[in-house]
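S.K.: Need a 3D model of the sequence below.
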Amino acid sequence: MVLGLVGVIIGVHLVRLLLPPAMDFALQNYLALQPSAVVSGEEDLIEGLVSLVGHLFLHADLTHLTMNAVWLLVVGSPIVRRFGPGRFLTLFFASGIAAALAFALFHLRDGLGAAGASGAIAGLMGAALRIIVPGRWPGVRNRPVLPLSDRPIIAATIAWVAFNAIFAFTTLGLSATGIAWEAHIGGYFFGLLAFPLFDTTTSRRVLNGDFRNPR
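M.R.: Below is the predicted model:
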């Protein structure tokens, strides 16, 4: 499933490379995230809603595409093994929409758009952190769930917010103005907090920091 999703994202990029420039530009305008379109009229509203998902399949260049494809393979693989294909895809798209809405909150009127799957991938990363636990476990499906108060979760969250804040509020970020830090943070927190909604097995548990194998 993860390889298939990566394949679709790469396929969209390859198709864009084969399109005439005018058609590629039109496709980008239709699929790219456009927060301002949501409040500018009924016709644009439909386009804005499509862009909440469509932007996940657009990437600026080969570097952008490669980075997202690699990270999707890394954080998506344990999640699809844990949840199965259906819930994995649901989490991916839900995280992408949450990331898009977080971005829109900051750019609703300024006309700035965004593209790329990094917000959805950040959601998968947040979810994956909930099952990165010490000890030996017979497969991802049997791992217990880390509570939000666990120190690795807190440390990873602080690091992720700080990393994105560097690009948002410091001069170091001037060379990376294309980084949609709002989407990264929004998607991450959605995956981190919504994990229990997708993880339907209740026999896994963490008690007082003591990781217990399910029985």
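S.K.: which residues of the protein score low on pLDDT?
M.R.: Low-confidence segments of the chain (pLDDT under 70): 37-45, 110-111, 135-136, 138, 170-178, 201-215.
S.K.: For it, just list every one of the helices.
M.R.: Secondary structure of the chain by DSSP state H: the helices cover 2-18, 21-31, 42-54, 62-83, 85-107, 118-129, 151-169, 181-198.
S.K.: TSV please, covering these and showing mean neighbour count.
M.R.: All C-beta spots, glycine's among them, are computed from the backbone N, C-alpha and C. Output for those, formatted as TSV (neighbours: other Cβ atoms under 10 Å):
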stretch	mean neighbour count
helix 2-18	14
helix 21-31	13
helix 42-54	16
helix 62-83	18
helix 85-107	21
helix 118-129	27
helix 151-169	14
helix 181-198	22
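S.K.: closest one to residue 142 among these?
M.R.: Shortest distance between residue 142 and the helices of the chain, using Cβ to Cβ, is found for helix 62-83: 9.6 Å.
S.K.: I'd guessed residue 6 sits against residue 66; true?
M.R.: No. Judged on Cβ atoms under 8 Å, residue 6 makes no contact with residue 66 at a distance of 10.5 Å.
S.K.: hmm, back to that, please tabulate the helices of the chain in CSV, including the columns distance to residue 141.
M.R.: Shown next, in CSV, are the helices of the chain (distance: least, Cβ to Cβ, whole Å):
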stretch, distance to residue 141
helix 2-18, 16
helix 21-31, 35
helix 42-54, 28
helix 62-83, 6
helix 85-107, 12
helix 118-129, 13
helix 151-169, 20
helix 181-198, 13
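S.K.: between these, which gets nearest to residue 137?
M.R.: Of all the helices of the chain, the one in closest proximity to residue 137, counting by Cβ to Cβ, is helix 62-83 (11.4 Å).
S.K.: which strands and helices sit next to that closest one?
M.R.: Here helix 62-83 touches helix 2-18, helix 85-107, helix 118-129, going by 3 or more Cβ pairs under 8 Å, 6 or more residues apart in numbering; DSSP states H and E.
S.K.: So what touches it?
M.R.: The contact list for helix 62-83 (Cβ atoms under 8 Å, 6 or more residues apart in numbering) reads 1-3, 5-6, 9-10, 13, 59, 88, 91-92, 116-118, 121, 124-125, 127-128, 131, 139-141, 143, 198-199.
S.K.: What sits closest to the residue positioned nearest the centre of the chain if chain neighbours are left out?
M.R.: Centroid check for the chain by Cα atoms, centre = their mean gives residue 120 as the closest residue, at 1.6 Å. Take residue 120 and drop its neighbours on the chain: the residue closest to it by Cβ to Cβ, 6 or more residues apart in numbering is residue 96, 3.4 Å away.
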